[in-house]
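got a predicted structure here, sequence first:
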Amino acid sequence: MNTIARVKITPEAEVIVNQLREKHGELMFHQSGGCCDGSSPMCYPKGEFMVGSSDVWLGEIAGCDFYMAKDQFEFWQHTELTIDVTKGRGASFSLEIPLGLRFVTKSRVFSYDESQNLTAVRSGDVIAAIT
C-alpha cells in the first residue's frame, strides 16, 4: 500500500513554483508559525532558510522540500496540508510576493485509515544535510 502524503500542492500553485524555480533555481518551503505573515507557507531559494533539529520535514511538493517547526507540527500532525496560491500581497519574504500572489495553506484532518499510513517525517537537519 502506498503511503499518504502529508503535504500536497494544487496545479495552480505548482505553476507558480515552476516559474519561481526558473528565476531562482532550486526551492524549498517552510510553513511559517506566526512570524511575518501569520501561518503562511514561505518559499525560499533552497538553503536560504536554515533548517535544523527544531524543524520537521513533511515531504516534497513540486520538487521542493517542505518543512515545519517541530512544535507547530505537534498541532498539525493529524492534518493534510494543501499548498495553494491566491492573488494578494502577503507581508512575508516568500518569493511569490513580488508577483502579487501569495501561497496559502489549506488543511483537512486525515481519516483514521489515512492516519495509519502517512509518510514518515524526519528531523530537518538530517534532510538538509543529505540534500
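That came through fine.

max-length helix in the protein?
Longest helix of the chain, by residue count under DSSP state H: helix 11-24.

so who does residue 32 touch?
For residue 32, the contacting residues are 38-42, 92, by Cβ atoms under 8 Å, 6 or more residues apart in numbering. Heads up, the C-betas are built off the backbone N, CA and C, glycines and all.

what does the longest helix of the chain contact?
9, 27, 43, 45, 61-64, 83-85, 95-96, 99, 101, 103.

write the PyMOL selection for whichever of those are buried.
Here is the PyMOL command that selects only those of the contacts of helix 11-24 that count as buried (16 or more other Cβ atoms under 10 Å):
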select buried, resi 9+27+43+61+62+64+83+84+85+95+96+101+103
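
which one among the contacts of helix 11-24 gets closest to residue 120?
Among these, residue 61 lies closest to residue 120 (Cβ to Cβ), at 16.3 Å.

you'd agree that closest one is up against residue 29?
Yes: if you go by Cβ atoms under 8 Å, residue 61 and residue 29 touch, sitting 6.7 Å apart.
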